[in-house]
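S.K.: Got a sequence here, can you build the structure:
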Amino acid sequence: MIASTFSGIHDFIHSGTWQVIRNLLFFFLIAFWLAVGYWVYKDAKRRIEDPVLIATAVAIGLVIPYIGALVYMLFRPPEYLEDVRERELEIKAMEERLSRRDLYCPVCRAEVSNEFLVCPVCTTKLKQACVNCKAPLEALWQVCPYCETPVEPSAVDFPTFEVRPPRRRRRAE
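M.R.: Down below sits the predicted model:
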């Protein structure tokens with residue numbers, strides 16, 4: 001009985017069917033290995049700028065079959081280069097928006113300049129003028145930077161600016 005079992009296994013291993021299955025298995029393993037190498041190349045190209053590091057990542061991915069790709073995945077950069085560039089552009093745009101932020105009157109929300117002493121629309125007092133040179137003073141200044149006149153502490157009662165955009169009128173439908 002045991003001899004017939006081993007005889008059946010022996011016959012199957014030496015049959016043409018087993019050789020076809022084995023050859024297909026090797027073919028798919030090699031095709032998958034090359035596909036993993038190609039994936040490592042495409043992913044490294046999207047994440048790394050240096051061509052030498054890209055070649056090193058692909059070499060590791062191909063030289064050590066299957067495990068090389070896992071090693072690459074552990075040590076690859078966390079972000080795509082495109083995402084990094086997009087984030088940097090967004091940061092630059094935010095910095096630019098903040099640098100040119102517009103000031104609005106706290107009462108009527110009209111746009112005012114940083115040099116205005118009063119709002120030109122509602123005449124709300126926005127800043128105190130220097131006693132000597134009449135230049136607009138900021139709330140925290142202790143001395144006028146234009147004429148070096150000391151600012152009196154009682155004269156530092158300024159309203160605060162709102163830095164939000166003005167309300168937009170809705171179109172009548």
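S.K.: could you say what helices and strands the helix or strand of the chain with the lowest mean pLDDT packs with?
M.R.: The weakest-scoring helix or strand in the chain, judged by mean pLDDT, DSSP states H and E, is helix 2-13 (a mean of 75). Counting contacts by 3 or more Cβ pairs under 8 Å, 6 or more residues apart in numbering; DSSP states H and E, helix 2-13 packs against no other helix or strand. For glycine as for every other residue, the C-beta is placed from the backbone atoms N, C-alpha and C.
S.K.: distance between it and the chain's centre?
M.R.: 63 Å (Cα atoms, centre = their mean, to the nearest Å).
S.K.: cool, and stretch 128-139?
M.R.: Centre to centre, stretch against its chain (Cα atoms, centre = their mean), the figure for stretch 128-139 is 43 Å.
S.K.: where do the helices sit along this structure?
M.R.: Using DSSP state H, the helices of the chain run over 2-13, 16-47, 51-63, 67-75, 81-99.
S.K.: What are the buried residues along the fourth one?
M.R.: So that's helix 67-75. Gly68, Ala69, Tyr72 (16 or more other Cβ atoms under 10 Å).
S.K.: The last one and Ala44 touch, don't they?
M.R.: Think Tyr72. Yes. Using Cβ atoms under 8 Å, Tyr72 is in contact with Ala44, at 7.2 Å.
S.K.: any idea how this structure splits into domains?
M.R.: Following automatic domain parsing, the chain resolves into domains at 2-82, 102-163.
S.K.: Mean pLDDT lowest where, among those domains?
M.R.: Among the domains of the chain, domain 102-163 carries the lowest mean pLDDT, a mean of 80.
S.K.: what about Ile60, how many neighbours?
M.R.: Residues lying near Ile60 (other Cβ atoms under 10 Å) number 19.
S.K.: let me fix that: Lys127
M.R.: Neighbours of Lys127 (other Cβ under 10 Å): 19.
S.K.: I figured it hits Cys119, correct?
M.R.: No. With contact defined as Cβ under 8 Å, Lys127 does not count as touching Cys119 (10.5 Å).
S.K.: Grab the most central residue of the protein for me.
M.R.: Arg87 (3.0 Å; Cα atoms, centre = their mean).
S.K.: ok, Glu82 - contacts?
M.R.: Arg46 (Cβ atoms under 8 Å, 6 or more residues apart in numbering).
S.K.: Distance check, Glu38 against Phe26.
M.R.: Heads up, residue 38 is Tyr, not Glu. For Tyr38, the distance to Phe26 equals 19 Å [Cβ to Cβ, to the nearest Å].
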